[in-house]
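**Student:** Give the three-dimensional model of this entry:
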Amino acid sequence: MKFSELRDRDVLVEDEKIGEIADLYFDVQKWKVTHLEIRFTKEAAHEILGAKMSIRNKLDILALKEGNACCTFRGLEIKVSKTQLHGYLRPPE
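**Tutor:** This next block holds a predicted model:
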């Protein structure tokens, strides 16, 4: 799958849209994707991160591997709980 096909796709956790894919972070020394940048909805940002507005955050790619994520017609479905998701998030640089 091309990144252009992923950009702006919905990201779902526990069958609920939490945001959209905004960007990728790539480790040029190891030649691998390390994080997805998620543009959170206002509601998800508040519920998951305690933020008062919509924000962007980096999602460690391990959340996709360990949670058995899949890309469906609905978007990127991540199979971890919202509580677990918090451990995979980092502020963007």
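
**Student:** so where do the helices sit in the protein?
**Tutor:** Here the chain has its helices, by DSSP state H, at 3-6, 42-44, 62-66, 82-86.

**Student:** nearest to A51, of those?
**Tutor:** When these are compared by CB to CB, helix 42-44 sits nearest A51, at 8.3 Å. In short, each C-beta sits where N, CA and C put it, glycine included.

**Student:** So which bits of the closest one are buried?
**Tutor:** For helix 42-44, burial by neighbour count (16 or more other CB atoms under 10 Å) applies to A44.

**Student:** related to what we said a few turns ago, now the helices of the chain as a markdown table including mean pLDDT?
**Tutor:** Below are the helices of the chain laid out as a markdown table (pLDDT from 0 to 100):
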| stretch | mean pLDDT |
| --- | --- |
| helix 3-6 | 82 |
| helix 42-44 | 94 |
| helix 62-66 | 80 |
| helix 82-86 | 88 |
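
**Student:** Any idea which of those helices gets closest to K17?
**Tutor:** Among the helices of the chain, helix 42-44 comes nearest to K17, with 7.5 Å by CB to CB.

**Student:** other SSEs contacting that closest one?
**Tutor:** Judged by 3 or more CB pairs under 8 Å, 6 or more residues apart in numbering; DSSP states H and E, helix 42-44 is in contact with strand 16-27.

**Student:** I'd like the average pLDDT over the strand it packs on.
**Tutor:** Averaged over strand 16-27, pLDDT sits at 94.

**Student:** partner strands of it, parallel or antiparallel?
**Tutor:** strand 10-13 (antiparallel), strand 32-40 (antiparallel) (DSSP bridges).

**Student:** got CSV for those, with distance to K58 and mean pLDDT too?
**Tutor:** CSV is the format used below for the strands paired with strand 16-27 (distance: least, CB to CB, whole Å; pLDDT from 0 to 100):
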stretch, distance to K58, mean pLDDT
strand 10-13, 12, 94
strand 32-40, 4, 93
